[in-house]
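No letters, just coordinates:
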């Protein structure tokens, strides 16, 4: 009988690792003194947002991806503001300086956050909606629900079509309970190591890697990421894209030639779902396209959005 005690204690200790680590993290409010923007108390929680550009001009609302907080847009936003746009960026729930409310992170969950924020900011008219990676999935879902509120939809390396994931991530996404432990202990450690390997590299946005690493110290971040993997990123959005096409919402899709997460075959599939979609490819770019090739992305948008500025 005593021979089982030590193995049980070891297993119990391993099982408690995620809870112990989470208890040592801080809520987003602990970091808010450093926040560059403002805060809106919305129906699901507090959301951090920031306006970039002049007080006048057509509005572009930008939705970031799975683990990249809102500053991922700074490089692209800088170019868009020079074209005359006002850019609104914000942190999704569980990321950056926003709250991490409990709740299944589906398309409806994120659409509600966006609806609440637009109402809070008095944006009752049409906006251009731009989404990067998972943010593209969120923007697509919102456009399906509210096609009359979207002037055009811009997708950058967007989810919702094809997604490559490694075996560990797939296991953590598909297996209940053990998958939660695997994601919190093994996958999170591996992903942090991959981010640290990028420290010192030159990106369009200063400190973008450090910001991503810092999120791992925020309570609720890992829970939010796993929920998004299981729900928002697991949603294949064929019906949504077909609906957007029928509603004649203009769509611009920009892909990265060497993206190993959102493969380039997404371009062909999206063409089948919405033949009126304009699509462009950024040469030599990978999934970090938003902060490695921001100037090239802005050049594509200069032509694609030209008729929106008047």
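Thanks, I have the structure now. This structure is a prediction, so every number in the text was calculated from the model and none was measured.

How far does stretch 152-165 stretch from one end to the other?
This stretch, stretch 152-165, spans 29 Å end to end (Cα to Cα, to the nearest Å).

buried sites along that stretch?
Judged by neighbour count using 16 or more other Cβ atoms under 10 Å, the buried positions of stretch 152-165 are 152-163. For every residue, glycine as well, the C-beta is placed using N, CA and C.

give me the number of residues near the closest residue to residue 172 other than its chain neighbours?
Sequence neighbours aside, residue 183 is the residue nearest to residue 172 in space, at 3.7 Å (criterion: Cβ to Cβ, 6 or more residues apart in numbering). Residue 183 has 24 neighbours, counted by other Cβ atoms under 10 Å.

for residue 183, helix, strand, or coil?
The three-state assignment at residue 183 reads helix, by DSSP: H, G, I helix; E, B strand; the rest coil.

check contacts around it.
When contacts are counted by Cβ atoms under 8 Å, 6 or more residues apart in numbering, residue 183 touches 169, 172-173, 222, 225-226, 229.

Now with 7 Å, please.
For residue 183, the contact set (Cβ atoms under 7 Å, 6 or more residues apart in numbering) comprises 172, 222, 226.

go on, residue 233?
Taking Cβ under 7 Å, 6+ apart, we find residue 233 in contact with 66, 134, 137, 159, 163.

Okay, and the last one sits in which element?
Following DSSP states H and E, one finds residue 163 outside all helices and strands.

Might you report the residue contacts of it?
Neighbour list for residue 163: 233, 261-262 [criterion: Cβ under 7 Å, 6+ apart].

how close does residue 80 get to residue 266?
Plainly put, residue 80 is 23 Å away from residue 266 if you go by Cβ to Cβ, to the nearest Å.

Tell me where this structure has strands.
Remark: strands assigned in the chain by DSSP state E are 38-41, 46-52, 59-63, 86-90, 127-132, 150-156, 251-256, 278-282.

closest one to residue 114 among those strands?
When those are compared by Cβ to Cβ, strand 59-63 sits nearest residue 114, at 7.2 Å.

where do the helices sit along this protein?
Remark: helices assigned in the chain by DSSP state H are 5-24, 74-82, 107-120, 134-145, 167-174, 178-182, 188-196, 208-215, 221-230, 238-246, 265-273, 289-292, 294-304.

returning to what we had before: what score does the residue nearest to residue 172 have for pLDDT?
On pLDDT, residue 183 comes in at 96.

Then residue 158?
So residue 158 comes in at 98 (pLDDT).

what's the answer for residue 2, then?
pLDDT recorded at residue 2 is 49.

From the centroid of the protein, which residue is nearest?
In the chain, the C-alpha nearest the mean C-alpha coordinate belongs to residue 65, at 1.5 Å (Cα atoms, centre = their mean).

For the nearest residue to that one once chain neighbours are set aside, give its distance to residue 26.
In this structure, residue 65 finds its nearest non-sequential neighbour in residue 133, 3.2 Å apart by Cβ to Cβ, 6+ apart. From residue 133 across to residue 26, the span is 26 Å (Cβ to Cβ).
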